[in-house]
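>>> fold the following for me, if possible:
(chains A and B)
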Amino acid sequence: MGKLSAFTDSKLVLLAIGLLGITILAALFAPWIAPQDPYDLAQLYILDARLPPLTRNADGTLFLLGTDDQGRDVFSAVLYGLRISLGVAFVATAIAVVLGTSIGLLSAYAGGRTDAVLMRIVDMQLSFPAVLIALMLVALLGTGIEKVTIAIVAVQWARYARTVRGAAMVEREREYVEAAQCLAYSPSRVMFRHILPNCMAPLSILATVEVASAISIEATLSFLGVGLPITQPSLGLLIANGYPFMLSGNYWLSIYPGLVLIAVIIAINIVGDRLREVLNPRSER
Amino acid sequence: MTATAPILEVDDVSKNFEASRGLLGMPLLSRKREVVRAVSEVSLSLGQSEVLALVGESGCGKSTLGRVIAGLIRPTSGELRFAGISHTVLSAAERRDWARNVQMIFQNPYASLNARQTIREIIEEPLRVHRIVPKSDIAARADELLDQVGLDPSFGKRQPHQLSGGQCQRVGIARALTVVPRVLVCDEPVSALDVSIQAQVLNLFADLREELTIAYLFISHDLGVVERLSDRVAVMYLGRIVETATRDDLFSSPKHPYTQTLLDAVPKIGRSRAHSVKVSGERPSPLDPPSGCHFHPRCPHATDRCRVEIPHLKAVGSNQFAACHLYE
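Got it, this is the predicted structure:
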């Protein structure tokens, strides 16, 4: 309970958590909240195209954030886009956490040559810019939700592996691990039931921040046109689609998805930083 | 040595550590390889319900020997036997058997418990993994074990950080007792505790020994603790056993000059300094141990023979053995 109250005594963090909660709920319940299904072409009316925010069309329907060049409601598109952006980011992060954590634990526990080889692969992976690797992979694999997810996992697993390995190397030398080995527990029990729970602090901090990074990688790929297909517009793709109309004054096509993207990423980073302060035993509470 | 057949025998066990490792763990590109002989050619035996104390200064290899016996480290050479059965190379199944017979108590009571588990989880896990009791009896058995080490079963809900050092050590003992071991390797089990708590935990060790048929290998540098608890004492210096004797013989008439030095270093009221031995110089590095008898650079009785020839344990009394050229 002490940790929870320490976590929430900052107003900024409360604001960030509130914002994240709202966006996650909005993404989950998009089909019920959105006034329009942006994928249903039958609902679109070309005469509603490029209406500015807060205008009504001839039927009296209010377009909160305006419409795009197809007459699509930007507010609905942002909600559905959020759904895809967050979905891809959470799934990719979850897979990367499991993969990276397993490799990091194995590396720390096995030591010796296994450790040396795995960590050189991690070094290699981390020496390239994340977006570059993701770009190359998507170029090789093609576009699509699952391919973008694979690209993000491929970029991020190495960070978890390195972080978990570092924490596990420290834990491995502690006597409770020797006690577990002395009781002849299986290596997997020692790794996952004993060492891993004691490495959760750095892992959870990293995972939080990396969700934000996954969102931005996906947005970058989509913006560059190699991410998600046009039929599944994420926030990045919405920004890209609106981009040609920026100079013609139709700013709302790109700006609103962009603002939501920035808000989500900043909020996640604020929560991650706070998590770091709370979970770090050396920092004063 | 003892009346009963030994339950645990350590036969000519050595353990070397390599001090430097090259790129990718291969000798290639590595600097000069340095070998630390942490334990060399140690033979010991432990009788049923016997308390054998292993004493020596820090870095002499007594903890390494304890870990070899507990099955945590593989010996470089030599053999371990439990109840006459050899365990030269432990397979996975043999490791489990060994673990059920030989358990270990660690020095740091907090670090030896997983901070993320409750006390109950810590005690119940080995019962479950080794299927010691039927599933339905696990909770009751855990309560019983906590009671046996002097903890109220209500402690089960707590986590290690909510306990004192002495209480944590009791949990560590209860965890070791879950598998009903016949041998308990205790690596400095009370040295991290306050003196008043030390006495309580030592009493617990003494009580458990009477209740259960259990032998202790009690590793310690505290001769006061050793004198109180042990039946027999083995003295280690730079990886070798230099003297073994019954407690009374060792404390009344130490034979090896190193043992004499050790006993002399203990300040005691009313003890005459009859065996007074002046020791000079630093403890040599185990990376580069002296030739012959490891103790010769600090030994007042050293002869040319000591500088060349390694002395072996020889009987110097009815139950006393010393590795020293003086007694030939």
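>>> can you pull out the helices in the chain?
Just so you know, I chose chain A. A:2-8, A:11-28, A:30-33, A:74-110, A:112-126, A:130-141, A:145-172, A:175-182, A:187-189, A:200-223, A:235-242, A:252-279 (DSSP state H).
>>> um, chain B though
B:62-69, B:92-101, B:119-129, B:138-148, B:165-177, B:195-211, B:223-229, B:247-252, B:257-264, B:304-308.
>>> centre of the chain to stretch A:252-266, how far?
15 Å (C-alpha atoms, centre = their mean, to the nearest Å).
>>> how about residues contacting that stretch?
A:16, A:19-20, A:23, A:50, A:52-53, A:65-66, A:68-69, A:74-75, A:77-78, A:81-82, A:85-86, A:212, A:215-216, A:219, A:235-236, A:238-239, A:241-243, A:245-246 (C-beta atoms under 8 Å, 6 or more residues apart in numbering or on different chains). All C-beta atoms are positioned from the backbone trio N, CA, C, and that covers glycine.
>>> now those residues: which count as buried?
A:16, A:19-20, A:23, A:50, A:53, A:65-66, A:68, A:74-75, A:77-78, A:81-82, A:85-86, A:212, A:215-216, A:219, A:235-236, A:238-239, A:241-242, A:245 (16 or more other C-beta atoms under 10 Å in any protein chain shown).
>>> give the buried residues for stretch B:43-52.
Applying 16+ other C-beta under 10 Å to stretch B:43-52 flags B:43-52 as buried.
>>> which of these sits closest to residue B:312?
residue B:43 (9.9 Å; C-beta to C-beta).
>>> the closest one and chain A: what is the separation?
Residue B:43 is 23 Å from chain A, where distance means C-beta to the nearest C-beta, to the nearest Å.
>>> and residue B:14, by the same measure?
21 Å.
>>> what pairs with that residue across the strands?
Under DSSP bridges, the beta-bridge partners of residue B:14 are residue B:77.
>>> please verify my assumption that it contacts residue B:74.
No. Between residue B:14 and residue B:74 there is no contact under C-beta atoms under 8 Å: 11.2 Å.
>>> which positions in the stretch 151-285 of chain A make contact with chain B?
A:174-176, A:178-185, A:189, A:193-194, A:197-198, A:200 (C-beta under 8 Å from any C-beta of the partner chain).
>>> of those residues, grab the buried ones for PyMOL.
A single PyMOL command is used to select the members of these judged buried by 16+ other C-beta under 10 Å:
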select buried, chain A and resi 174+175+176+178+179+180+181+182+183+184+185+193+194+198
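>>> before we move on, the earlier item: take the helices of chain B and lay them out in CSV including mean neighbour count, distance to chain A and mean pLDDT.
Putting these into CSV (neighbours: other C-beta atoms under 10 Å in any protein chain shown; distance: least, C-beta to the nearest C-beta, whole Å; pLDDT from 0 to 100) gives the following:
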stretch, mean neighbour count, distance to chain A, mean pLDDT
helix B:62-69, 24, 8, 92
helix B:92-101, 17, 4, 85
helix B:119-129, 21, 5, 95
helix B:138-148, 17, 14, 94
helix B:165-177, 24, 7, 94
helix B:195-211, 15, 16, 91
helix B:223-229, 18, 19, 89
helix B:247-252, 18, 27, 91
helix B:257-264, 23, 26, 87
helix B:304-308, 14, 37, 89
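>>> do you know which of those lies nearest residue A:228?
helix B:119-129 (44.5 Å).
>>> mind giving me the packing neighbours of the closest one?
In terms of contacts (3 or more C-beta pairs under 8 Å, 6 or more residues apart in numbering or on different chains; DSSP states H and E), helix B:119-129 is packed against helix B:138-148, helix B:165-177.
>>> what is the burial count for residue A:278?
Applying other C-beta atoms under 10 Å in any protein chain shown, we find 22 residues neighbouring residue A:278.
>>> again with residue B:154
With other C-beta under 10 Å as criterion, residue B:154 counts 10.
>>> do residue A:21 as well
Neighbours of residue A:21 using other C-beta under 10 Å come to 11.
>>> and the closest residue in space to residue A:84 that isn't next to it in sequence, how far is that from residue A:64?
Nearest residue to residue A:84 in three dimensions, chain neighbours excluded: residue A:234, at 4.2 Å (C-beta to C-beta, 6 or more residues apart in numbering or on different chains). Applying C-beta to C-beta, to the nearest Å, the value for residue A:234 to residue A:64 is 20 Å.
>>> between those two, who's got more neighbours?
residue A:234 (30 against 15).
>>> who's in contact with the more buried one?
Residue A:234 touches A:81, A:84-85, A:88, A:218-219, A:222, A:227-228, counting by C-beta under 8 Å, 6+ apart.
>>> that older thread, check the buried residues of stretch B:43-52 and tell me the two furthest apart.
B:43 and B:49 (20.7 Å).
>>> can you give me how far stretch B:198-206 is from the chain middle?
Centre-to-centre, stretch B:198-206 and its host chain are 17 Å apart (C-alpha atoms, centre = their mean).
>>> whoops, I mixed them up, stretch B:136-155
27 Å.
>>> one more: stretch A:39-57?
For stretch A:39-57, the separation from the chain centroid amounts to 30 Å (computed by C-alpha atoms, centre = their mean).
>>> give the buried residues for it.
Buried, per 16+ other C-beta under 10 Å, within stretch A:39-57: A:44, A:48, A:50-51, A:53.
>>> start and end of it, how far apart?
One end of stretch A:39-57 to the other measures 19 Å (C-alpha to C-alpha, to the nearest Å).
>>> ok, residues contacting it?
So stretch A:39-57 is contacted by A:36-37, A:58, A:61-72, A:74, A:80, A:231, A:245, A:250, A:252-253, A:256 (C-beta under 8 Å, 6+ apart).
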